[in-house]
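**Student:** generate coordinates for the sequence data below:
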Amino acid sequence: MVLTEDKICELLKIKSNGYLYHRESRDLEFKEQFNFAGLADYFRDFAAFANNIGGYIIFGVLNSPRKVTGMTESAIEQFEKIDPERISGYLLEIFSPDMLWEQQTFEINGKTFGVFYVHEAKEKPIISKKDEGRDQLIKSGDIFFRYAGRTQRIEYAELNHIIQQRVKNTNDQWLSLMSKIAKAGPANAAILDTERGVIEKSENQVLVIDEGLIDKIKFIKEGQFKDKGATTLKLVGDVKPIGAIEVTKTIQKRLIDQYPLSYSQLVQKIKTHVSGVGHSIINRIIKENDLKNKPQYSAYSFRTKAQDEEYTKSGSLPKGITNIYNDDAVSFIVNILKTQ
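**Tutor:** Take a look at the predicted model:
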């Protein structure tokens, strides 16, 4: 995992003179406070990190002198009100292709820090599709890149490297595909086109699959055992059902019925019972009592069916997953606060 308390503590390590040990670099950016008004600036950093090796944006650090202060209550509240789905939607409106990112708050030495981590893009370059921000901070066609301690529009050498690497990756994929066809033999190879519902072979041979039959075809992973008589096809790779998005939405709706509160709504309800309580105290209670992993209080809000299946299979939580809560969680935390 990239967003761990140990990692953030390392990035915020302080020298004997009180200044930060680490400087801003190609995978690290410090900012003083989080503010929704600065989203366009943050998005530039998102694209820049994604086009390089990925990186951290840490809020709660003074610019000059470079000292840790933590975020203000206002900045914490804004940061924790972030809706990952909406932010991902904004990013998709401005940039293409998609970017993978995650966020989390950390309490270190009594101070609260907000952190974004942007993963290196699998498909580069990330390119802006429209103008965005004050004074067109982002312009259509911009490609941002993270250099040593700064974000800027990409220069020739880095863009040329990305293009050459993309060409190489495409060629490698074609070579891998041709190798598999060669092993099977051209006469035995076919292309399954799920868009048109056909399997095409050489010499214009076409096998049409009925739309109702496509859903009934069962695939098995190569190497897995299947009883004789079962209608299966050997699968190399993964199959993603067309209806996965619809299924996920249905599951998500049921979850919201059971756990109707986002984190920020949870905090607001708690504050109606215990005035003046800070986010850091609530976070500590959630962590100490492991509420995120107790279904009587909370559930993970998976954005896709694939994320849910990955967690069920491996037990490892995918990146960027948030929790939703119910009123029992509010009562539990309020009771602890009132007894302290």
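**Student:** contacts, neighbours, all on C-alpha from now
**Tutor:** Fine.
**Student:** buried residues in the helix ranked longest in the chain?
**Tutor:** The residue-count maximum for a helix in the chain (DSSP state H) belongs to helix 156-184. Buried positions in helix 156-184, judged by neighbour count with 16 or more other CA atoms under 10 Å: 159, 162, 166.
**Student:** kindly report the same for stretch 137-148.
**Tutor:** For stretch 137-148, the buried set under the neighbour-count rule, 16+ other CA under 10 Å, comprises 138, 139, 142, 143, 144, 145, 146, 147.
**Student:** leaving out the residues flanking it, which one is nearest to the third one?
**Tutor:** Spatial nearest neighbour of residue 142, excluding adjacent residues (CA to CA, 6 or more residues apart in numbering): residue 128 at 5.3 Å.
**Student:** separation between that neighbour and residue 45?
**Tutor:** 12 Å (CA to CA, to the nearest Å).
**Student:** comparing these two, which residue is more hemmed in?
**Tutor:** Neighbour count, other CA atoms under 10 Å: between residue 128 and residue 45, residue 45 has more, with 26 against 23.
**Student:** show the average pLDDT along the longest helix of the chain.
**Tutor:** Mean per-residue pLDDT for helix 156-184: 88.
**Student:** swap in stretch 72-84?
**Tutor:** Stretch 72-84 shows a mean pLDDT of 92.
**Student:** touching, residue 285 and residue 335? I think so.
**Tutor:** No. The pair residue 285 / residue 335 is not scored as a contact, 10.9 Å apart, by CA atoms under 8 Å.
**Student:** who are the packing partners of the helix or strand containing residue 78?
**Tutor:** Here residue 78 sits within helix 73-80, counting by DSSP states H and E. Secondary-structure packing of helix 73-80 (3 or more CA pairs under 8 Å, 6 or more residues apart in numbering; DSSP states H and E): strand 111-118, helix 263-273.
**Student:** what is the neighbour count of residue 280?
**Tutor:** Using other CA under 10 Å: residue 280 sits among 18 other residues.
**Student:** dihedrals phi and psi, residue 61?
**Tutor:** With angles defined as degrees, to the nearest 10, residue 61 sits at phi -130, psi 120.
**Student:** mind checking pLDDT for it?
**Tutor:** 96.
**Student:** give me the distance between it and residue 186.
**Tutor:** Going from residue 61 to residue 186 by CA to CA gives 61 Å.
**Student:** repeat that for residue 28.
**Tutor:** The value you get for residue 28 to residue 186, if CA to CA is used, is 50 Å.
**Student:** neighbour count: these two, which is higher?
**Tutor:** Ranked by neighbour count (other CA under 10 Å), residue 28 and residue 186 place residue 28 first, with 21 against 13.
**Student:** isn't the more buried one right up against residue 57?
**Tutor:** Yes. Between residue 28 and residue 57 there is a contact under CA under 8 Å: 6.1 Å.
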